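J.: prediction below, plus the sequence it came from.
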Amino acid sequence: MKAAELLIRALENEAVEYVFGIPGEETLEILDALSRSSITLVLTRHEQAAGFMAETYGRLTGKAGVCLSTLGPGAANLVTAAAHAQLGGMPMLMITGQKPVKSSKQGQFQIIDVVDMMRPLTKYTRQIVSGRNIPSRVREAIRLAEEERPGATHLELPEDIASEETDESPLSASFLRRPIAEEKAVRAAVERIERARHPLLLVGAAANRTTTCRMLRRFIEKTRIPFVTTQMGKGVVDEAHPLFMGNAALSANDFVHRVIDAADLIINVGHDAIEKPPFVMRPHGVDVIHVNFFTASVDPVYFPQLEVIGDIANSVWQICERITKQDRWDFARFVRVRKAAETYLNQGADDARFPIRPQRLVADVRRVMPEKGIIALDNGLFKVWFARNYKARFSNTVLLDNALATMGAGLPSAMAARLVHPNRKIMAICGDGGFMMNSQELETALRLKLHLVVLILRDEAYGMIKWKQEQRSLANFGLNFGNPDFVKYAESYGAHGHRIENASQLAPQMEHCQNTPGVHVIDVPVDYSDSDRILNREIPELSANT
Ligand SMILES: Cc1ncc(C[n+]2csc(CCOP(=O)(O)OP(=O)(O)O)c2C)c(N)n1
Ligand SMILES: [Mg+2]
């Protein structure tokens with residue numbers, strides 16, 4: 001068998017279901033082997049989108065998503081997705097081609113050092129130099145991509161090696177259980193929590209990667225300790241729970257930060273310093289217990305005093321088993337802040353003004369989304385509003401990137417979510433800027449016959465940066481653009497295009513689209529003109545006075 005065939009067999013052996021990508025001349029042998037395989041090729045219109053789809057597959061399943069590109073230009077297009085997977089902790093394996101390594105007749109044409117280019121963006125990047133190495137290289141690339149902390153890996157298969165004959169066979173994964181926390185660390189954590197006056201639970205990204213939901217819920221029910229979420233920890237525990245104190249959508253001065261300020265101990269489950277910090281540690285400030293798969297990388301804003309390292313779900317279970325609810329715990333201040341925050345949160349949910357205001361938009365999406373429905377957010381000002389106001393009910397139902405925070409991932413992520421969850425309601429929510437960064441994938445979505453709803457929030461601008469500009473009292477400059485007619489644009493792909501013309505149309509239109517198969521693009525004019533006042537002045541003032 002050819003080495004390319006062995007590569008695909010090895011992927012099959014890892015139960016890979018999809019390869020997302022765009023082939024090139026140098027990957028034709030791989031493509032040929034794929035044509036005879038159980039793996040489905042998802043051909044995209046840009047490698048970046050293939051990468052975003054692969055990593056979202058990884059994020060939702062815990063299994064490495066696989067993407068494929070050719071050498072040089074194709075591989076360079078994977079770079080943003082590699083960074084996204086690596087920072088976001090999403091398992092992904094990238095496979096790229098290369099010119100023949102033994103002798104090439106084309107000089108340096110198209111050749112860049114892809115293995116080195118991927119080095120700072122991956123956990124593992126290797127050129128395959130012989131068919132003999134393929135079984136171990138593939139196993140290693142998958143193992144590392146999936147192992148905590150998950151991330152991106154890369155294999156390069158040069159054209160001449162791909163055609164070499166080999167009689168090796170794939171290697172299988174070993175039986176393995178994740179290490180669990182040591183008893184003394186658990187005991188120390190329990191003692192510290194019991195000794196606190198105002199302990200607070202913080203739920204972060206890593207808790208969203210595993211089945212910690214049940215354990216955390218049990219911990220909260222037993223101890224009645226209130227919790228807050230980071231942006232990427234949304235949904236691990238139902239945010240509609242009465243002990244939910246808010247999401248760290250803004251960096252500071254929100255109600256949630258008043259709760260954090262009132263805590264004397266933070267039990268941090270699954271947060272690491274890759275996310276924009278939900279709180280900033282200061283010397284002699286609040287104590288932190290770091291509960292994670294891996295030790296904390298120390299940072300000027302994060303230096304926990306106690307660590308419980310091992311499988312998160314098990315650590316929470318062990319702590320929960322040992323802990324006793326304390327009469328000394330006092331959550332009165334948390335509860336007071338929460339009450340004020342909730343009252344404020346509901347304001348604007350029925351705002352009838354048009355273009356639609358963010359609070360109404362978020363409230364309407366929440367109203368039409370079932371509990372397990374998934375929203376895939378691109379990056380823009382709306383992300384802050386969704387993180388802050390949208391109550392996630394289940395883990396991984398808000399696909400949000402607070403790590404690379406790249407634009408362009410909303411649509412491809414929603415498409416991958418559709419492949420993983422054929423029966424859930426799925427909506428991509430994009431700004432008019434971010435949508436246009438990968439809008440060509442509408443064709444892929446149609447070709448795959450996906451049922452998908454795409455909201456385009458149209459403010460004819462890079463709104464998030466405008467908001468930051470305003471915040472710094474800089475003149476409005478350099479951030480406005482024009483747009484295609486999104487309805488006609490969608491229709492030109494064969495998708496359904498809809499335009500919202502007053503606020504009351506939005507919810508019924510989304511419902512209609514969710515219940516009608518096909519790709520639906522909804523053009524939603526938005527008005528962010530209140531955001532500076534509300535997010536930067538009103539919330540800090542109101543929260544300070546609670
Ligand atoms: C690839 C990439 N380029 C630039 C940025 C910086 N950036 C962050 S948000 C944003 C504006 C997003 O505009 P849009 O998608 O229209 O969303 P809006 O904020 O207007 O709702 C920009 C330029 C980024 N995060 N990612
Ligand atoms: Mg915009």
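T.: Cool, got the structure. Because the structure is a prediction, the values reported are computed rather than measured. Numbering: from 1, shown residues only. Ligands and ions are numbered 1, 2, ... in the order given.

J.: residues in contact with Glu146?
T.: Taking C-beta atoms under 8 Å, 6 or more residues apart in numbering as the criterion, Glu146 is in contact with Gly58, Gly62, Lys63, Ala64, Pro91. In this view, the C-beta of every residue, glycine as well, is placed from N, C-alpha and C.

J.: now for those: which two are most distant?
T.: Across those, the longest distance by C-beta to C-beta is 8.9 Å; it joins Gly62 and Ala64.

J.: which one of these two is surrounded by more residues?
T.: Just comparing Gly62 and Ala64: by other C-beta atoms under 10 Å the higher neighbour count belongs to Ala64, 29 against 13.

J.: how about the strands in the stretch 51-200 of the chain?
T.: Along the stretch 51-200 of the chain, the stretches classed as strands by DSSP state E, counting those that start in this stretch are 65-69, 92-98, 124-127, 152-158, 199-203.

J.: and of those strands, who's closest to ligand 1?
T.: Go through these one by one with C-beta to the nearest ligand atom and the one that ends up closest to ligand 1 is strand 152-158, at 16.9 Å.

J.: now do the same end-to-end measure for stretch 96-108.
T.: 17 Å (C-alpha to C-alpha, to the nearest Å).

J.: contacts for that stretch next, please.
T.: Residues lying outside stretch 96-108 but in contact with it, judged by C-beta under 8 Å, 6+ apart, are 23-27, 30, 68-71, 74-75, 78, 109-111, 114, 127, 129, 154-162.

J.: go on, stretch 448-458?
T.: Contacts to stretch 448-458, defined as C-beta under 8 Å, 6+ apart, come from residues 42, 361, 365, 380, 382, 410-411, 414-415, 418-419, 425-432, 435, 442, 445, 463, 483, 486, 510, 513-514, 517-526.

J.: residues in contact with Glu275?
T.: When contacts are counted by C-beta under 8 Å, 6+ apart, Glu275 is found next to Gly204, Ala205, Thr230, Gln231, Met232, Asn402, Ala403.

J.: just the buried ones out of the residues you listed, please.
T.: In the contacts of Glu275, burial by neighbour count holds for Gly204, Ala205, Thr230, Gln231, Met232, Asn402, Ala403, counting by 16 or more other C-beta atoms under 10 Å.

J.: okay, and the common contacts of Gly62 and Ala64?
T.: With contacts taken as C-beta under 8 Å, 6+ apart, Gly62 and Ala64 have Pro91, Glu146 as neighbours in common.

J.: look up how far Leu448 lies from the closest residue in space to Ala428 that isn't next to it in sequence.
T.: Leaving aside its sequence neighbours, Ala428 sits nearest to Ala414 (C-beta to C-beta, 6 or more residues apart in numbering; 3.5 Å). Distance, Ala414 to Leu448, using C-beta to C-beta, to the nearest Å: 12 Å.

J.: run through the bridge partners of the residue in the stretch 301-450 of the chain that ligand 2 sits nearest to.
T.: Among residues of the stretch 301-450 of the chain, the one nearest ligand 2 by C-beta to the ion turns out to be Gly431. It sits 3.8 Å away. With beta bridges defined as DSSP bridges, Gly431 has these partners: Leu457.

J.: just the pLDDT for it.
T.: If you check Gly431, the pLDDT there is 98.

J.: isn't it right up against Lys466?
T.: No: no contact is recorded between Gly431 and Lys466 when judged using C-beta atoms under 8 Å, the distance being 11.1 Å.

J.: compare those two (neighbour count), which wins?
T.: The neighbour count for Gly431 versus Lys466, taken as other C-beta under 10 Å, is higher for Gly431 (28 against 22).

J.: excluding chain neighbours, what is closest to Asp264?
T.: Closest residue in space to Asp264, ignoring its immediate chain neighbours: His198 at 4.9 Å, by C-beta to C-beta, 6+ apart.

J.: the one you found: what's it in contact with?
T.: By C-beta under 8 Å, 6+ apart, His198 lies in contact with Ala262, Ala263, Asp264, Leu265, Trp329, Asp330, Phe331, Arg333, Phe334.

J.: which of the residues in stretch 500-512 are buried?
T.: Of the residues in stretch 500-512, those buried under the neighbour-count criterion (16+ other C-beta under 10 Å) are Ile500, Ala503, Gln505, Leu506, Gln509, Met510, Glu511.

J.: what about it, start to end distance?
T.: 13 Å.

J.: what mean pLDDT does that stretch get?
T.: In this model, stretch 500-512 has an average pLDDT of 98.

J.: check stretch 140-157 too.
T.: If you average the pLDDT values across stretch 140-157, you get 97.

J.: need the residues of the stretch 351-500 of the chain near ligand 2, please.
T.: Gly431, Asp432, Gly433, Asp459, Gly463 (C-beta under 5 Å from the ion).

J.: got a winner among these for most neighbours?
T.: For these, neighbours tallied by other C-beta under 10 Å; top is Gly431, 28 neighbours.

J.: if I look at that one, how far off is Glu511?
T.: Plainly put, Gly431 is 22 Å away from Glu511 if you go by C-beta to C-beta.

J.: and the pLDDT at the residue of the stretch 51-200 of the chain found nearest ligand 1?
T.: With distances taken as C-beta to the nearest ligand atom, the stretch 51-200 of the chain approaches ligand 1 most closely at Thr80, which sits 6.7 Å away. Among the per-residue scores, Thr80 shows a pLDDT of 98.

J.: how about the contacts made by it?
T.: Residues counted as contacts of Thr80 (C-beta under 8 Å, 6+ apart) are Gln48, Gly51, Leu404, Thr406, Gly408.

J.: pretty sure the fourth one sits against Gln86.
T.: No: here Thr406 does not reach Gln86: they are 11.8 Å apart, not a contact under C-beta under 8 Å.
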